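Colleague: Predicted model and sequence below, questions to follow.
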Amino acid sequence: MEIINFLQYSFIQRAFVAGVLVAVICSALGLFLVLRKMSLIGDGLSHVSFGAIALGLFFGIYPFYVAIPLVILASILILKISEKAQVYGDAAIGVVSAIGISGGVILAGLSHGFNVDLFSYLFGNILAISNTEVILSALLSIIVMAAIYFFYWDLFSATFDEEYAKTTGIKATFINNLLTVLTAVTVVLSIRMVGVMLVSALLILPAVTALQLSRGFKTAMMIGAAASLLSVILGISFSFFLDLPTGATIVMINVVFFGLAFAYKKIS
(Lines give C-alpha, C1' and ligand atoms only; values in the text may rest on other atoms or scores of the structure.)
Protein backbone atom coordinates (compact mmCIF):
# COMPACT_ATOMS: atom_id res chain seq x y z
CA MET A 1 0.00 0.00 0.00
CA GLU A 2 1.42 3.36 -1.01
CA ILE A 3 1.95 5.97 1.67
CA ILE A 4 -0.33 8.43 -0.15
CA ASN A 5 -3.23 5.97 0.04
CA PHE A 6 -2.48 5.40 3.71
CA LEU A 7 -2.81 9.13 4.43
CA GLN A 8 -6.11 9.38 2.56
CA TYR A 9 -7.97 7.43 5.23
CA SER A 10 -9.96 9.82 7.43
CA PHE A 11 -9.36 7.79 10.59
CA ILE A 12 -5.58 8.00 9.98
CA GLN A 13 -5.83 11.77 9.53
CA ARG A 14 -7.78 12.09 12.79
CA ALA A 15 -5.23 9.90 14.59
CA PHE A 16 -2.31 12.02 13.37
CA VAL A 17 -3.98 15.33 14.31
CA ALA A 18 -4.94 14.21 17.81
CA GLY A 19 -1.69 12.31 18.33
CA VAL A 20 0.53 15.24 17.38
CA LEU A 21 -1.34 17.62 19.69
CA VAL A 22 -1.26 15.27 22.66
CA ALA A 23 2.40 14.36 22.01
CA VAL A 24 3.50 17.99 22.29
CA ILE A 25 1.77 18.69 25.60
CA CYS A 26 2.85 15.33 27.06
CA SER A 27 6.51 16.02 26.32
CA ALA A 28 6.35 19.56 27.73
CA LEU A 29 4.51 18.69 30.93
CA GLY A 30 6.50 15.49 31.36
CA LEU A 31 9.73 17.46 31.59
CA PHE A 32 8.37 19.58 34.45
CA LEU A 33 7.02 16.49 36.23
CA VAL A 34 10.24 14.47 35.90
CA LEU A 35 12.40 17.33 37.17
CA ARG A 36 10.03 17.90 40.11
CA LYS A 37 10.05 14.14 40.87
CA MET A 38 6.30 14.02 40.26
CA SER A 39 6.35 11.65 37.30
CA LEU A 40 4.18 9.06 39.07
CA ILE A 41 1.27 11.48 39.20
CA GLY A 42 0.46 10.54 35.61
CA ASP A 43 0.07 6.92 36.60
CA GLY A 44 -2.11 7.81 39.58
CA LEU A 45 -4.38 10.11 37.57
CA SER A 46 -4.73 7.50 34.83
CA HIS A 47 -6.16 5.12 37.43
CA VAL A 48 -8.60 7.81 38.51
CA SER A 49 -9.51 8.23 34.83
CA PHE A 50 -10.38 4.54 34.71
CA GLY A 51 -12.88 5.00 37.53
CA ALA A 52 -14.28 8.20 36.00
CA ILE A 53 -14.69 6.60 32.57
CA ALA A 54 -16.44 3.62 34.18
CA LEU A 55 -18.77 6.06 35.95
CA GLY A 56 -19.60 7.81 32.69
CA LEU A 57 -20.29 4.53 30.90
CA PHE A 58 -22.38 3.32 33.84
CA PHE A 59 -24.72 6.33 33.58
CA GLY A 60 -24.62 6.50 29.78
CA ILE A 61 -22.67 9.78 29.66
CA TYR A 62 -19.84 10.47 27.23
CA PRO A 63 -16.84 9.27 29.32
CA PHE A 64 -14.56 12.28 28.76
CA TYR A 65 -17.23 14.68 30.01
CA VAL A 66 -17.10 12.84 33.33
CA ALA A 67 -13.38 12.08 33.36
CA ILE A 68 -12.03 15.60 32.80
CA PRO A 69 -13.65 17.32 35.84
CA LEU A 70 -13.20 14.31 38.13
CA VAL A 71 -9.53 13.84 37.27
CA ILE A 72 -8.91 17.57 37.75
CA LEU A 73 -10.49 17.31 41.20
CA ALA A 74 -8.38 14.25 41.93
CA SER A 75 -5.19 16.10 40.97
CA ILE A 76 -6.01 18.90 43.40
CA LEU A 77 -6.92 16.33 46.06
CA ILE A 78 -3.46 14.77 45.72
CA LEU A 79 -1.86 18.13 46.51
CA LYS A 80 -4.20 18.75 49.46
CA ILE A 81 -3.53 15.32 50.95
CA SER A 82 0.21 15.94 50.62
CA GLU A 83 -0.08 19.31 52.37
CA LYS A 84 -2.75 18.69 55.02
CA ALA A 85 -2.24 15.02 55.87
CA GLN A 86 1.54 15.45 55.93
CA VAL A 87 2.22 12.44 53.71
CA TYR A 88 4.73 12.21 50.90
CA GLY A 89 3.57 12.94 47.36
CA ASP A 90 3.87 9.35 46.16
CA ALA A 91 1.73 8.16 49.10
CA ALA A 92 -0.95 10.74 48.27
CA ILE A 93 -0.89 9.58 44.66
CA GLY A 94 -1.29 5.99 45.85
CA VAL A 95 -4.33 6.86 47.99
CA VAL A 96 -6.19 8.67 45.20
CA SER A 97 -5.12 6.08 42.63
CA ALA A 98 -6.51 3.26 44.79
CA ILE A 99 -9.86 5.04 45.09
CA GLY A 100 -10.09 5.53 41.33
CA ILE A 101 -9.14 2.04 40.22
CA SER A 102 -11.23 0.26 42.86
CA GLY A 103 -14.24 2.43 42.02
CA GLY A 104 -13.89 1.52 38.36
CA VAL A 105 -13.64 -2.20 39.12
CA ILE A 106 -16.76 -2.05 41.32
CA LEU A 107 -18.75 -0.25 38.61
CA ALA A 108 -17.56 -2.78 36.03
CA GLY A 109 -18.74 -5.55 38.33
CA LEU A 110 -22.16 -3.97 38.80
CA SER A 111 -22.81 -3.67 35.07
CA HIS A 112 -21.67 -6.14 32.42
CA GLY A 113 -22.98 -4.09 29.52
CA PHE A 114 -20.05 -1.74 29.08
CA ASN A 115 -17.11 -4.00 29.92
CA VAL A 116 -15.99 -4.16 26.28
CA ASP A 117 -16.03 -0.36 25.98
CA LEU A 118 -14.17 -0.01 29.27
CA PHE A 119 -11.54 -2.49 28.10
CA SER A 120 -10.86 -0.32 25.03
CA TYR A 121 -9.94 2.58 27.30
CA LEU A 122 -7.48 0.41 29.24
CA PHE A 123 -5.19 -0.01 26.24
CA GLY A 124 -6.33 2.83 23.98
CA ASN A 125 -6.99 2.92 20.25
CA ILE A 126 -6.18 6.21 18.59
CA LEU A 127 -7.16 4.78 15.19
CA ALA A 128 -10.76 4.68 16.43
CA ILE A 129 -10.81 8.30 17.60
CA SER A 130 -13.93 10.23 16.58
CA ASN A 131 -14.32 13.74 15.16
CA THR A 132 -15.72 14.90 18.50
CA GLU A 133 -12.65 13.58 20.31
CA VAL A 134 -10.33 15.26 17.81
CA ILE A 135 -12.05 18.61 18.37
CA LEU A 136 -11.98 18.13 22.14
CA SER A 137 -8.29 17.19 21.99
CA ALA A 138 -7.52 20.27 19.88
CA LEU A 139 -9.35 22.68 22.19
CA LEU A 140 -7.89 21.29 25.40
CA SER A 141 -4.39 20.99 23.91
CA ILE A 142 -4.49 24.67 22.91
CA ILE A 143 -5.55 25.59 26.45
CA VAL A 144 -2.72 23.52 27.97
CA MET A 145 -0.11 24.92 25.57
CA ALA A 146 -1.32 28.48 26.20
CA ALA A 147 -1.06 27.96 29.97
CA ILE A 148 2.50 26.62 29.62
CA TYR A 149 3.43 29.59 27.41
CA PHE A 150 2.01 32.29 29.69
CA PHE A 151 3.25 30.71 32.94
CA TYR A 152 6.49 29.32 31.56
CA TRP A 153 8.87 31.27 33.79
CA ASP A 154 6.79 30.65 36.90
CA LEU A 155 6.71 26.92 36.14
CA PHE A 156 10.43 26.96 35.38
CA SER A 157 11.34 28.77 38.62
CA ALA A 158 9.11 26.63 40.81
CA THR A 159 10.51 23.48 39.21
CA PHE A 160 14.15 24.21 39.99
CA ASP A 161 13.89 26.12 43.27
CA GLU A 162 10.46 26.52 44.81
CA GLU A 163 11.69 28.42 47.87
CA TYR A 164 13.55 30.96 45.73
CA ALA A 165 10.50 31.27 43.50
CA LYS A 166 8.42 32.22 46.53
CA THR A 167 10.87 34.93 47.51
CA THR A 168 10.59 36.47 44.04
CA GLY A 169 6.83 36.80 44.38
CA ILE A 170 5.78 33.69 42.47
CA LYS A 171 2.69 32.06 43.95
CA ALA A 172 4.08 28.55 44.28
CA THR A 173 0.79 27.05 45.49
CA PHE A 174 -1.03 28.36 42.42
CA ILE A 175 1.73 27.08 40.13
CA ASN A 176 1.62 23.63 41.77
CA ASN A 177 -2.14 23.51 41.33
CA LEU A 178 -1.82 24.68 37.73
CA LEU A 179 0.73 21.99 36.91
CA THR A 180 -1.38 19.20 38.37
CA VAL A 181 -4.55 20.45 36.64
CA LEU A 182 -2.75 20.64 33.29
CA THR A 183 -1.41 17.13 33.91
CA ALA A 184 -4.93 15.89 34.68
CA VAL A 185 -6.26 17.25 31.39
CA THR A 186 -3.32 15.79 29.48
CA VAL A 187 -3.76 12.37 31.09
CA VAL A 188 -7.42 12.23 30.03
CA LEU A 189 -6.52 13.26 26.48
CA SER A 190 -3.76 10.64 26.31
CA ILE A 191 -6.01 7.75 27.34
CA ARG A 192 -7.64 7.49 23.91
CA MET A 193 -4.18 7.30 22.38
CA VAL A 194 -2.29 4.83 24.58
CA GLY A 195 -4.81 3.74 27.21
CA VAL A 196 -4.95 3.91 31.00
CA MET A 197 -2.13 1.40 31.42
CA LEU A 198 0.44 3.33 29.35
CA VAL A 199 -0.31 7.02 29.95
CA SER A 200 2.53 7.57 32.41
CA ALA A 201 5.01 6.24 29.84
CA LEU A 202 3.92 8.91 27.36
CA LEU A 203 4.64 11.59 29.97
CA ILE A 204 7.94 10.18 31.25
CA LEU A 205 9.81 8.66 28.29
CA PRO A 206 10.16 11.73 26.01
CA ALA A 207 11.32 13.77 29.00
CA VAL A 208 13.97 11.31 30.18
CA THR A 209 15.11 10.85 26.58
CA ALA A 210 15.60 14.60 26.20
CA LEU A 211 17.47 14.84 29.49
CA GLN A 212 20.02 12.31 28.22
CA LEU A 213 20.88 14.56 25.29
CA SER A 214 20.62 18.10 26.62
CA ARG A 215 21.63 20.14 29.65
CA GLY A 216 19.58 23.19 28.72
CA PHE A 217 15.90 23.27 29.63
CA LYS A 218 14.56 24.79 26.41
CA THR A 219 16.69 22.47 24.30
CA ALA A 220 15.40 19.54 26.34
CA MET A 221 11.81 20.67 25.66
CA MET A 222 12.46 20.75 21.91
CA ILE A 223 14.19 17.36 21.90
CA GLY A 224 11.40 15.86 24.00
CA ALA A 225 8.75 17.27 21.67
CA ALA A 226 10.60 15.93 18.62
CA ALA A 227 10.97 12.45 20.16
CA SER A 228 7.32 12.41 21.21
CA LEU A 229 6.06 13.56 17.81
CA LEU A 230 8.22 11.08 15.93
CA SER A 231 7.13 8.22 18.19
CA VAL A 232 3.47 9.01 17.52
CA ILE A 233 3.94 9.29 13.75
CA LEU A 234 5.98 6.09 13.55
CA GLY A 235 3.76 4.30 16.06
CA ILE A 236 0.56 5.01 14.12
CA SER A 237 2.23 4.05 10.83
CA PHE A 238 3.78 0.81 12.10
CA SER A 239 0.63 -0.23 13.92
CA PHE A 240 -1.43 0.24 10.76
CA PHE A 241 0.90 -1.62 8.37
CA LEU A 242 1.96 -4.35 10.80
CA ASP A 243 -1.43 -4.73 12.53
CA LEU A 244 -0.04 -3.95 16.00
CA PRO A 245 -1.72 -2.26 19.01
CA THR A 246 -1.19 1.46 18.41
CA GLY A 247 -0.67 2.64 22.00
CA ALA A 248 1.84 -0.05 22.85
CA THR A 249 3.70 0.56 19.58
CA ILE A 250 4.01 4.29 20.33
CA VAL A 251 5.35 3.55 23.80
CA MET A 252 7.85 0.95 22.56
CA ILE A 253 9.22 3.41 19.99
CA ASN A 254 9.67 5.87 22.87
CA VAL A 255 11.57 3.16 24.74
CA VAL A 256 13.84 2.66 21.70
CA PHE A 257 14.51 6.41 21.55
CA PHE A 258 15.40 6.42 25.24
CA GLY A 259 17.74 3.44 24.77
CA LEU A 260 19.51 5.15 21.87
CA ALA A 261 19.82 8.43 23.81
CA PHE A 262 21.17 6.61 26.87
CA ALA A 263 23.70 4.72 24.75
CA TYR A 264 24.78 7.94 23.01
CA LYS A 265 25.31 9.64 26.37
CA LYS A 266 27.46 6.77 27.62
CA ILE A 267 29.76 6.66 24.59
CA SER A 268 30.01 10.43 24.00
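Modeller: Sure thing, it's come through. Residues are numbered from 1 along each chain as shown.

Colleague: Find the helix or strand that Tyr121 is a member of.
Modeller: Taking DSSP states H and E as the criterion, Tyr121 maps to helix 115-123.

Colleague: quick one: low-confidence parts of the stretch 1-150 of the chain?
Modeller: 1-4, 84-90, 111-117 (pLDDT under 70).

Colleague: Strands along that one, start to end?
Modeller: Taking DSSP state E, counting those that start in this stretch as the test, none of the stretch 1-150 of the chain falls into strands.

Colleague: any idea how far the residue most central in space within the chain is from Leu203?
Modeller: By CA atoms, centre = their mean, the mean C-alpha position of the chain lies nearest to Val187, the distance being 3.7 Å. According to CB to CB, to the nearest Å, Val187 and Leu203 sit 8 Å apart. (Each C-beta comes from the backbone N, C-alpha and C, glycine too.)

Colleague: shared neighbours, the two?
Modeller: Gly42 (CB atoms under 8 Å, 6 or more residues apart in numbering).

Colleague: List the residues that contact Leu230.
Modeller: Applying CB under 8 Å, 6+ apart, we find Leu230 in contact with Ile253, Phe257.

Colleague: just to revisit the earlier point, helix or strand right after the helix or strand containing the residue nearest to the centre of the chain?
Modeller: When secondary structure is defined using DSSP H and E, the element that contains Val187 is helix 172-194. Secondary structure here is assigned by DSSP H and E; on that basis, the next helix or strand after helix 172-194 toward the C-terminus is helix 199-213.

Colleague: ok, the nearest residue to Ala15 once chain neighbours are set aside - how many residues close by?
Modeller: The shortest distance from Ala15 to any residue that is not its chain neighbour, by CB to CB, 6 or more residues apart in numbering, is 4.6 Å, and that residue is Ile126. Taking other CB atoms under 10 Å as the criterion, the count of residues near Ile126 is 27.
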